[in-house]
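structure, please.
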Amino acid sequence: MKDFSHAEFTLAHPISEEEAAAMHPMSLAFVGDAVQSLFMRTAVAVADGGKTGAQHREVTRTVNAVAQAAASARISPMFSEREADVFRRARNCHIQTSAKHAERAEYRRASGLEAVLGYLFLTGNTERLTEFLRLAAEEEQC
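Modelled structure (predicted):
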């Protein structure tokens, strides 16, 4: 996969940390899932430029509940206090849906990671966001 050390995912008008922390955790996870998907889709498309079916399979190896839960275990020790709080709130949130191929606990941890990614994106913390996105991608490449 191509190195995206120069890439930044930025929001034109970031919101404050307080505003982001006050958002519903599943709203943060909704945004975080989209950010991770865009990051991985961009990396895969630029790296190989091949058939979209193969690209989709490559992306879904890292952007799924099982892979995200595994990545959260590696990344969570690096969380700041605020990020850990966002993660816990999303992980503990009453979730109506579940993933097809993941245990309930994995799905909850995946939602926690997605919420942290959404929080970082919405607050404009692109350096940390990119660091976590790279770590999440590396987890599945091992």
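
residue 18: neighbour count?
Neighbour count for residue 18, taken as other C-beta atoms under 10 Å: 9. C-beta here means a position set from N, CA and C on the backbone, and glycine is covered the same way.

gap between it and residue 89?
Distance of residue 18 to residue 89, given as C-beta to C-beta, to the nearest Å: 14 Å.

what's the first helix or strand after the lowest-mean-pLDDT helix or strand in the chain?
The least trusted helix or strand in the chain, going by mean pLDDT, DSSP states H and E, turns out to be helix 52-60, with a mean of 81. Under the assignment DSSP states H and E, the closest C-terminal helix or strand after helix 52-60 is helix 65-75.

could you give the angle of whichever helix or strand comes after that following helix to helix 65-75?
Using DSSP H and E, the helix or strand that follows helix 65-75 towards the C-terminus is helix 81-92. For helix 81-92 against helix 65-75, the angle by axes from the mean of the first three to the mean of the last three C-alpha atoms, to 10 degrees is 150 degrees.

which strands and helices lie in contact with the first helix or strand past helix 81-92 going along the chain?
As assigned by DSSP H and E, the chain's next helix or strand after helix 81-92 is helix 104-122. The elements that helix 104-122 packs onto, with contact taken as 3 or more C-beta pairs under 8 Å, 6 or more residues apart in numbering; DSSP states H and E, are helix 17-22, helix 25-48, helix 65-75, helix 81-92, helix 126-141.

burial of the closest residue to residue 128 other than its chain neighbours, as a residue count?
Distances taken as C-beta to C-beta, 6 or more residues apart in numbering put residue 120 closest to residue 128, at 5.4 Å, once the chain neighbours are dropped. Residue 120 is surrounded by 28 other residues when neighbours are defined as other C-beta under 10 Å.

quick one: contacts for residue 11?
Taking C-beta atoms under 8 Å, 6 or more residues apart in numbering as the definition of contact, the neighbours of residue 11 are 121, 122, 124.

okay, the last one: pLDDT?
Which is residue 124. pLDDT, the model's per-residue confidence, is 95 for residue 124.

helix, strand or coil: sort out it for me.
Assigned with DSSP: H, G, I helix; E, B strand; the rest coil, residue 124 falls in the coil class.

go ahead and confirm it touches residue 9.
No. Counting by C-beta atoms under 8 Å, no contact exists between residue 124 and residue 9, whose distance comes to 10.0 Å.
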